[in-house]
Every structure is written in structure tokens, then in C-alpha cells.
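> Just need the structure, nothing else, for what follows:
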Amino acid sequence: MLYVQECSLFIFSVNFWEPFFTKIFVSMTRHVETLVI
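Residues are numbered from 1 along each chain as shown. Here you go, the predicted structure:
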């Protein structure tokens with residue numbers, strides 16, 4: 001039961017942080033592209 005609770009908590013945190021990391025990743029790749037160009 002505890003395992004299921006931890007899994008759901010992990011899924012929740014992933015859903016919570018995912019837009020944040022996506023934003024960072026997009027900005028990083030754009031930065032790299034401008035450096036390359």
C-alpha cells in the first residue's frame with residue numbers, strides 16, 4: 001500500500017515539475033542554437 005502511495009506521489013511530482021523542466025529545456029536548446037548559429 002505504501003508502495004502505491006509513493007508511486008502516485010512520484011507521478012504527481014513528475015506532472016507538477018514537467019512543464020518547468022520543459023521550459024528550461026526549451027530555453028537551453030534555443031540558447032545552444034543561437035550559440036551554434
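> use CA for all of it now, contacts and neighbours both
Noted.
> by contact count, what packs against the helix or strand containing residue 25?
Secondary structure from DSSP states H and E places residue 25 in helix 2-36. Using 3 or more C-alpha pairs under 8 Å, 6 or more residues apart in numbering; DSSP states H and E as the contact test, no helix or strand touches helix 2-36.
> for the record, mean pLDDT for that helix?
Averaging pLDDT along helix 2-36 yields 88.
> So for that helix, what gets flagged as buried?
Judged by neighbour count (16 or more other C-alpha atoms under 10 Å), helix 2-36 contains no buried residues.
> And it, how far out from the chain middle?
Helix 2-36 sits 0 Å away from the centroid of its parent chain (C-alpha atoms, centre = their mean, to the nearest Å).
> Same check on stretch 26-37?
Offset of stretch 26-37 from its chain centre (C-alpha atoms, centre = their mean): 18 Å.
> can I have that stretch written out in CSV, keeping just the CAs?
The C-alpha coordinates for stretch 26-37 follow below in CSV (Å, rounded to 0.1, in the frame of the first residue of the first chain):
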residue,chain,number,x,y,z
VAL,A,26,13.4,24.7,-24.5
SER,A,27,15.3,27.7,-23.3
MET,A,28,18.5,25.7,-23.1
THR,A,29,18.2,24.4,-26.7
ARG,A,30,17.4,27.8,-28.0
HIS,A,31,20.4,29.2,-26.3
VAL,A,32,22.6,26.4,-27.8
GLU,A,33,21.1,27.1,-31.2
THR,A,34,21.9,30.8,-31.0
LEU,A,35,25.5,29.8,-29.9
VAL,A,36,25.8,27.4,-32.8
ILE,A,37,24.4,30.0,-35.3
